[in-house]
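Enquirer: Predicted model and sequence follow; I will ask about them next.
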Amino acid sequence: MSTQTPSNNKGSSLWNDAWFRLRQNKLSMAGLVVIVIMILLCFVGRWLVPHDPRHQQLDQKFESSSAEHWLGMDQLGRDLFVRILDGGQISLLVAILATILTVTVGVIYGGIAGYVGGRTHAVMMRIVDGLLAMPFLIIVILFRELISAQLGNAEEWFVQTLGWKIEMVRRISNLIPLILAIAAFGWLTMGRIVCSSAAAVTKLEFIEAARSLGLSHRRILFRHILPNIMGPVIIYATLTIPTFILYEATLSFIGLGIEPPNASWGTLIKEGANYLETRPSLLLFPAAFFSVTLFAFNFLGDGLRDALDPKSSKD
Amino acid sequence: MIALVTRRTLQTLIVVFLLVTFTFIAIRLIPGNPLESDKATSSEVMKRMAEPFGFNRPYVTQYLLYWKNLLFKGDLGLSTTLLGRSVSEIISTSFPVSLMLGLTSLIIGVFVGIPLGVIAAMNKNGWIDYLSMVLAMAGICVPAFVLGPVLQLTVARQFDSISAAGWSRPGDLILPAITLSVGVAAYLARLSRGGMLDILSQDFIRTAHAKGLPLKTIIFKHALKPSLLPAITYLGPAFAAIITGSFVVEIIFQVPGMGQHFVNAVISKDPFLLQGLVLFYGLIMGGANLIVDIVIAFLNPRLRETA
């Protein structure tokens, strides 16, 4: 447990220890490196490739790898490499933004439930249990439709009301309904984890001490409870990202996730599956990028679990 | 035990009631008429088409009518997309297919995953451990929609008795069941490895070692039962989700199970079908969780008191 004195000079030893332990774990460090490389590739490298992911050269369709087109061309004569990087941008954006929302909602909801305790805790967790009994992806599909219908065209709003014409804003605004729908039901497990950690911390003596000192609830929650539950939150957030990448890809695979002209890894895999016999690489290359990223996040998450919570070896 | 069953049943019923209510509201908030087709239809015809479904009445009446028909007649209503078919009939024809496929995959998953995890834990940090955990991670990171097509192209090509898609002969079961079981086996391997490591580090296992018991006895007589708790907790919801149909696997292998109806009901905004499916899913989920609670109470006597 960290001490109560705010330590600005050297950083708390808990985090230093955790970082030290994480560095010992080769698989997790490899995961971290792969994640950094993947993010750089998709968000920086994508613009360095001199091809347009939507530019079709029908006379070159199904062409195999060359110096010009590293991973070959797809069924419509588009450069596969740049399509994969562009798709990765979408997959990562959806997963990371949805995870940020998930963490925010989960921490607030679970934190309050765990800290207040008693009947409030019971009722709030019953609600979570109830929502968890739903068929997740089906509800996400339903909710996405609902949000798109209510929200109208978010892109137009960004351009007209705020005057933003940045490419990234345009891109994200198309993804908003999907991100919101995933986050709307994806926070439940996070809420549960935060709740049980917060309830455990609340029982400790230093919280009692803080209470008897007359600190406000808000101060206790934010200054004393929150920092002490960051471990599970970070671990679970790291494991949530690959889960959301998978959800988005699953939805895109059945044609209910990312809509054209946008394409994510799931969309590419779906298209590739149709041409598996003629050109297996159209499935295998996007699938490789996809699975490697999932591997990396999961290994990092596992390593973080061992580093931040050395006592637990449980999954 | 009776108290546990009654309380859990009651909870499940409340949850299912809320789920159906939520679905009822949500699907009606989405713009678009479930009966709409590509052909231009006059509003008069539309009205007459909506009559058997009760869509012309106010929402509150529709809602009350739904519960009345369900509770007193056991009637789940009619599908708006699969015209002429009742929701109960759709569920009763597609559920056995999903159940068959789901149970097969679960059995494969349990018999591959749990031994893999236990063996890994017994050889902690050995090469068997690393190999099985990398395999388990691969099972989680290579999704069904990659594995499925690859199996179709490779395995189904080699053997005549194994089909790439369809649902008419025994060979049709093999590939979808394998595809579906990989994820289950992977999670079970990780969970049972973690559970086993947890138990092996406890005092009573050290005592057993000190008594000079052989490793086999320690593992099978003392450690195995409590180490399976995390895996069993996972199996409950997984069981419910898997036997009600995995739509990805059903789409890839063209299996006429329940999963595809879920997706189609949402896409075509088929209110009664979706409500019926959600109701059915909720009941199965509640039942599975109840069974898990009972099994856990049986495996862990300490929980029996509080349950």
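Expert: Cool, got the structure. Numbering: from 1, shown residues only, chains lettered A, B, ... in the order given.
Enquirer: Lowest-scoring secondary structure element of chain A by mean pLDDT?
Expert: helix A:154-161 (a mean of 72; mean pLDDT, DSSP states H and E).
Enquirer: all helices for chain A, in order.
Expert: A:13-24, A:26-40, A:46-48, A:80-116, A:118-132, A:136-151, A:154-161, A:167-202, A:205-212, A:217-219, A:226-228, A:230-253, A:265-274, A:281-308 (DSSP state H).
Enquirer: Please tell me how far B:V263 sits from chain A.
Expert: For B:V263, the distance to chain A equals 6 Å [C-beta to the nearest C-beta, to the nearest Å]. From N, CA and C alone the C-beta is placed, and that goes for glycine too.
Enquirer: May I ask you to confirm that that residue is in contact with A:L256?
Expert: Yes - assessed by C-beta atoms under 8 Å, B:V263 is found in contact with A:L256 at 7.3 Å.
Enquirer: intersection of neighbour lists for these two?
Expert: Both B:V263 and A:L256 are in contact with A:I141, where contact means C-beta atoms under 8 Å, 6 or more residues apart in numbering or on different chains.
Enquirer: just to revisit the earlier point, among the helices of chain A, which gets the worst mean confidence?
Expert: Of all the helices of chain A, the minimum mean pLDDT falls on helix A:154-161 (a mean of 72).
Enquirer: and the angle from it to helix A:167-202?
Expert: Relative orientation of helix A:154-161 versus helix A:167-202 (axes from the mean of the first three to the mean of the last three C-alpha atoms, to 10 degrees): 110 degrees.
Enquirer: Return the backbone torsion pair for B:L78.
Expert: With angles defined as degrees, to the nearest 10, B:L78 sits at phi -110, psi 150.
Enquirer: Which strand residues bridge it?
Expert: With DSSP bridges as the criterion, B:L78 is bridged to B:S86.
Enquirer: Tabulate the helices of chain A (a markdown table), appending mean neighbour count and distance to B:A297.
Expert: Listed next are the helices of chain A as a markdown table, based on neighbours: other C-beta atoms under 10 Å in any protein chain shown; distance: least, C-beta to C-beta, whole Å:
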| stretch | mean neighbour count | distance to B:A297 |
| --- | --- | --- |
| helix A:13-24 | 14 | 36 |
| helix A:26-40 | 16 | 37 |
| helix A:46-48 | 13 | 54 |
| helix A:80-116 | 23 | 25 |
| helix A:118-132 | 15 | 18 |
| helix A:136-151 | 20 | 27 |
| helix A:154-161 | 14 | 49 |
| helix A:167-202 | 20 | 20 |
| helix A:205-212 | 13 | 32 |
| helix A:217-219 | 11 | 37 |
| helix A:226-228 | 17 | 32 |
| helix A:230-253 | 23 | 27 |
| helix A:265-274 | 23 | 41 |
| helix A:281-308 | 22 | 28 |
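Enquirer: What score does B:K39 have for pLDDT?
Expert: 64.
Enquirer: I misspoke; the intended subject was A:Q4.
Expert: A:Q4 is given a pLDDT of 47.
Enquirer: List the contacts of the residue in the stretch 151-300 of chain A positioned nearest to chain B.
Expert: Relative to chain B, the nearest point of the stretch 151-300 of chain A is A:L294 (3.9 Å; C-beta to the nearest C-beta). Residues in contact with A:L294 (C-beta under 8 Å, 6+ apart) are A:242, A:245-246, B:140-141.
Enquirer: would you list every one of the helices in the stretch 201-307 of chain B?
Expert: Assigned helices in the stretch 201-307 of chain B, in chain order: B:203-210, B:215-217, B:224-227, B:229-243, B:247-253, B:259-267, B:271-299, B:301-306 (criterion: DSSP state H, counting those that start in this stretch).
Enquirer: Please enumerate residues in contact with stretch A:64-80?
Expert: A:49, A:51-63, A:81, A:83-84, A:271, A:274-275, A:279, A:281-282, A:285-286.
Enquirer: Least reliable of the helices of the stretch 201-307 of chain B by average pLDDT, please.
Expert: Across the helices of the stretch 201-307 of chain B, helix B:301-306 gives the lowest mean pLDDT, at a mean of 61.
Enquirer: Rebuild the helices of chain A as CSV, extending it with distance to B:G77.
Expert: What follows is the helices of chain A, written out as CSV (distance: least, C-beta to C-beta, whole Å):
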stretch, distance to B:G77
helix A:13-24, 55
helix A:26-40, 48
helix A:46-48, 49
helix A:80-116, 34
helix A:118-132, 23
helix A:136-151, 18
helix A:154-161, 35
helix A:167-202, 25
helix A:205-212, 52
helix A:217-219, 48
helix A:226-228, 48
helix A:230-253, 27
helix A:265-274, 33
helix A:281-308, 40
